[in-house]
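Asks: next comes the sequence, and after it the predicted model I'd like to discuss.
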Protein chains: 2
Amino acid sequence: MVKINPDRLLSDLRTLASFGKYKTGVHRPTYSADDMSARRWFAQRIEEAGLRAEIDGIGNVYGFNPTKSRLALAGSHLESQNHAGWLDGALGVVYALEAARAISEAPGNADAGLDVIAFADEEGHFGSFLGSRSFIGDLTEAEIDSAFNHSFGTSLRQALAEAGLAGRSRRVIDASRYRAFLEAHIEQGDILESSGMKIGIVTAIVAIWQYRIVVTGEQNHAGTTTMARRRDAGLALIRLLAAIDRRFPEVAGPRSVWTTGQIALSPGAKSIIPGQAEALFQFRDADADVLTRLENELTTVIREANSAGPCTVTLERISASRPAPMDANVQDVLESAAEQYAAGQHVRMPSGAGHDAQWLAPKLPTGMLFVPSIGGISHHWTENTSDEDIVLGAQVFADAAMRVLRA
Amino acid sequence: MVKINPDRLLSDLRTLASFGKYKTGVHRPTYSADDMSARRWFAQRIEEAGLRAEIDGIGNVYGFNPTKSRLALAGSHLESQNHAGWLDGALGVVYALEAARAISEAPGNADAGLDVIAFADEEGHFGSFLGSRSFIGDLTEAEIDSAFNHSFGTSLRQALAEAGLAGRSRRVIDASRYRAFLEAHIEQGDILESSGMKIGIVTAIVAIWQYRIVVTGEQNHAGTTTMARRRDAGLALIRLLAAIDRRFPEVAGPRSVWTTGQIALSPGAKSIIPGQAEALFQFRDADADVLTRLENELTTVIREANSAGPCTVTLERISASRPAPMDANVQDVLESAAEQYAAGQHVRMPSGAGHDAQWLAPKLPTGMLFVPSIGGISHHWTENTSDEDIVLGAQVFADAAMRVLRA
């Protein structure tokens, strides 16, 4: 029977939170000095756990067991969003480390072990899941050449050089080595908390389909242009978004979400009728049929807007990922472990956020475990989970890893 | 009979357009080097016309006739919006100059003359109608102390110092000197053009009531937060603006206009539900009752939004000017002059834009004349009026000024 060490777990999490500490959270952008310090500290902790550790050319910290033959891989990411929480990513890497330690300490485990990985840039400071995509062989050198920091414009090459990573090779997965990939994460929503649950077993990571909606009208004087003569791009966008608000519920699935995150009117002055208006719009679902229905409705609403006039609306699809279903057997294993330590307090649920696990899922049987987020808050420095829930989640996670190795 | 000189008029307008030339328009922000060069050039042209000229402490170019006893005042502003048209403001000051010259050249006018003024910052780079408000004694030193450039943040004091205006006194109107104030301007809309009219006689300058609408919700993750749990400030703002769009037509007057010029979602990222949303909203009408009805409807819509929840909406009134009716006798005079030179091609109409004349109206019998804007375009470098219409408008303007002086 595998048994985690709660004090060691919490101590490691709190030490990790000291790298880039910001209020009660952290500010640890990818490849920043604090992020690299955290990666070196984590590599050292991996070595102390009896694994070998390396930091590869994209910043992934990879810890591998040199002696065991029955292996699984576990991990998450180390960097944070800007001025964000202490657990997003960090929880998953420390769970993986603690599970590796607990498994190596458990009796009768001569041949079973856990490799650990801390990916880089899941939070997308420079790109899209750079670390996990590099690890599965999906990241080209050309993409690295063209990537830059979205906040500061620093090139990825320069950031890698300043972090001391230039010229290092990038580690690519040997899938034959592993029985499964496991990732733990805070839920980032309040489904667990509001229903009194302690463990979420992820059924699928939703797909995100993102769009830029651009409305072109005619810029004009807000005083001298009659209402009848106007081609107000801002008003046309408001009508369009209001139509989406009315009609998406008719075609959405029970877990669908859709969001307008940004609106820009041009020129954006109080006395000028906007000549152009833009919105960033996205929707998410784990069901490919629902995603298609939502996109069809979106294009229908836009077609109707163009028929009605007087502005013209264009739709650009920025990205469209595929839902990543989690492995059915791994879900069963996670559920068995959850039932042992939190009987009746676990639930299967999709993940509305993207995670490194979605990139591992095509390569390995993959599973994810969620712990509750207090108030559902994440991407904010007040993000938190109770110590009790952190410890319980780690125990379930380690037990599930052990079950995978024993199966 | 007063007779303008078309070549001199067009030549002056074209010379003026060379100060800060931008494509076929001008970029001549208040107190910029190009604006000050234009002011000095204009002061010189005033002197050449036999008036005395001064540039006062707010940048107003004031040209006064030292000998005549029957006087009126005419003018407009010299600076432009950023990267805007060559006629907005410039047309009115050159019309005033040309009318002053034509009147002094007309036979039998020993005692009649026209003073000329070119106001500063009607376009609001630093404040609200700084020049005309200074001229009527409405601008305090404290307001000058606290004003700054809306694009660049330069303080007004610093800009005045760099323009060489620091320490100069500000000229305030001696209303007893004048029978009337007259301002000509491009229409900035397409009412004249679309109805085949050549001259607009302004009945009133509309009031502008401006508001900041702020919606407070809860910032959250766009993937992990269910639709039911969201307090999406952006969506609440869209619903509110859509309600205004539906309901304002029910209470508006025939000439009312309303505009959302700016929308900002915070934090404005594609995967974050906006926690706050702001809009700049304004409406305009020449009828005080209509203005009140529109504001009542706005507050009702917001009250309903707050009752419905889940976000909270606040309304801040940024400004609320009063409609400025033009003097009835001056309107009649302008109409008589228009009928003489453009029989059947003139129309009375409100001004949907603000003008310096609205500040003079409480001090002097005030009138405004509009000439057609090609395509209704203004505040853009493509702004234009045909030479034929420019010349016709100047003749009507000078004739109307003469009629005011002879009455």
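Replies: Now that the structure is in, tell me what you want to look at.
Asks: contact partners for residue A:44?
Replies: Residues near residue A:44 by Cβ atoms under 8 Å, 6 or more residues apart in numbering or on different chains: residue A:53. (Glycine included, C-beta is placed from N, CA and C.)
Asks: shouldn't it be within a helix?
Replies: Yes. Checked against DSSP: H, G, I helix; E, B strand; the rest coil, residue A:44 lies within a helix.
Asks: who does the helix-or-strand element of chain A with minimal mean pLDDT touch, helix- and strand-wise?
Replies: Ranking every helix and strand in chain A by mean pLDDT, DSSP states H and E puts strand A:220-221 at the bottom, with a mean of 88. Secondary-structure packing of strand A:220-221 (3 or more Cβ pairs under 8 Å, 6 or more residues apart in numbering or on different chains; DSSP states H and E): strand A:272-273.
Asks: quick one: the closest residue to residue A:167 other than its chain neighbours and chain B, what's the gap?
Replies: Among residues not flanking residue A:167 along the chain, residue A:57 sits closest, at 7.3 Å (Cβ to Cβ, 6 or more residues apart in numbering or on different chains). Here residue A:57 is placed at a distance of 27 Å from chain B (Cβ to the nearest Cβ, to the nearest Å).
Asks: does residue A:57 touch residue A:172 like I think?
Replies: No. Contact between residue A:57 and residue A:172 fails when scored by Cβ atoms under 8 Å: they sit 10.7 Å apart.
Asks: of those two, which one has the most company?
Replies: Taking other Cβ atoms under 10 Å in any protein chain shown, residue A:57 and residue A:172 do not tie; residue A:57 has more neighbours (17 against 13).
Asks: sec struct for that one, please.
Replies: Taking three-state DSSP, the label given to residue A:57 is coil.
Asks: can you give me the helices for the stretch 251-400 of chain A?
Replies: A:288-308, A:328-341, A:357-360, A:387-406 (DSSP state H, counting those that start in this stretch).
Asks: and the ones you listed, which is most packed in?
Replies: Comparing these by mean neighbour count (mean count of other Cβ atoms under 10 Å in any protein chain shown), helix A:357-360 ranks first with a mean of 26.
Asks: helices and strands around that helix, which ones?
Replies: Against helix A:357-360 (3+ Cβ pairs under 8 Å, 6+ apart) you get helix A:130-135, strand A:181-186, strand A:199-205, strand A:324-325, strand A:366-371.
Asks: contacts for that helix, please.
Replies: So helix A:357-360 is contacted by A:73, A:129, A:132-133, A:135-136, A:138, A:173, A:181, A:183, A:202, A:205, A:321, A:324, A:326, A:366-368 (Cβ under 8 Å, 6+ apart).
Asks: list only buried entries from these.
Replies: A:73, A:129, A:132-133, A:135-136, A:138, A:173, A:181, A:183, A:202, A:205, A:321, A:324, A:326, A:366-368 (16 or more other Cβ atoms under 10 Å in any protein chain shown).
Asks: got phi/psi on whichever residue of the stretch 251-400 of chain A sits closest to chain B?
Replies: In the stretch 251-400 of chain A, the residue that lies nearest chain B is residue A:352 (3.5 Å; Cβ to the nearest Cβ). For residue A:352, the backbone dihedrals (degrees, to the nearest 10) come out as phi -80, psi -20.
Asks: that one contacts residue B:224, correct?
Replies: Yes. At 4.2 Å, residue A:352 counts as touching residue B:224 under the criterion of Cβ under 8 Å.
Asks: anything in contact with each of the two?
Replies: A:188, A:189.
Asks: and the two? Which one has more around it.
Replies: residue B:224 (27 against 24).
Asks: and that one, what is it in contact with?
Replies: Taking Cβ under 8 Å, 6+ apart, one finds A:187, A:188, A:189, A:351, A:352, A:353, A:376, A:378 in contact with residue B:224.
Asks: quick one on the thing from earlier: could the helices of the stretch 251-400 of chain A be laid out in CSV, adding mean pLDDT?
Replies: As requested, the helices of the stretch 251-400 of chain A are exported to CSV (pLDDT from 0 to 100):
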stretch, mean pLDDT
helix A:288-308, 97
helix A:328-341, 98
helix A:357-360, 98
helix A:387-406, 97
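Asks: compare the ones you listed and give me the one nearest residue A:281.
Replies: Residue A:281 lies closest, by Cβ to Cβ, to one member of the helices of the stretch 251-400 of chain A: helix A:288-308, at 7.7 Å.
Asks: could you export that closest one as PDB, CA atoms only?
Replies: Taking Å, rounded to 0.1, in the frame of the first residue of the first chain, the C-alpha atoms of helix A:288-308 are listed here in PDB:
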ATOM      1  CA  ALA A 288     -17.400  17.200 -31.500                       C
ATOM      2  CA  ASP A 289     -21.000  17.200 -32.600                       C
ATOM      3  CA  VAL A 290     -21.900  20.000 -30.200                       C
ATOM      4  CA  LEU A 291     -18.800  22.000 -31.400                       C
ATOM      5  CA  THR A 292     -20.000  21.700 -35.000                       C
ATOM      6  CA  ARG A 293     -23.500  22.700 -34.100                       C
ATOM      7  CA  LEU A 294     -22.200  25.800 -32.300                       C
ATOM      8  CA  GLU A 295     -20.000  26.800 -35.300                       C
ATOM      9  CA  ASN A 296     -23.000  26.300 -37.600                       C
ATOM     10  CA  GLU A 297     -25.100  28.600 -35.500                       C
ATOM     11  CA  LEU A 298     -22.300  31.200 -35.400                       C
ATOM     12  CA  THR A 299     -22.000  31.200 -39.100                       C
ATOM     13  CA  THR A 300     -25.800  31.400 -39.500                       C
ATOM     14  CA  VAL A 301     -26.100  34.400 -37.200                       C
ATOM     15  CA  ILE A 302     -23.300  36.100 -39.100                       C
ATOM     16  CA  ARG A 303     -24.900  35.300 -42.500                       C
ATOM     17  CA  GLU A 304     -28.200  36.800 -41.200                       C
ATOM     18  CA  ALA A 305     -26.300  39.900 -40.100                       C
ATOM     19  CA  ASN A 306     -24.700  40.300 -43.500                       C
ATOM     20  CA  SER A 307     -28.100  39.900 -45.200                       C
ATOM     21  CA  ALA A 308     -29.700  42.500 -42.900                       C
END
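Asks: near chain B, which residues of the stretch 301-407 of chain A are found?
Replies: Within the stretch 301-407 of chain A, the positions adjacent to chain B are A:351, A:352, A:353, A:354, A:376, A:377, A:378, A:379, A:380 by Cβ under 8 Å from any Cβ of the partner chain.
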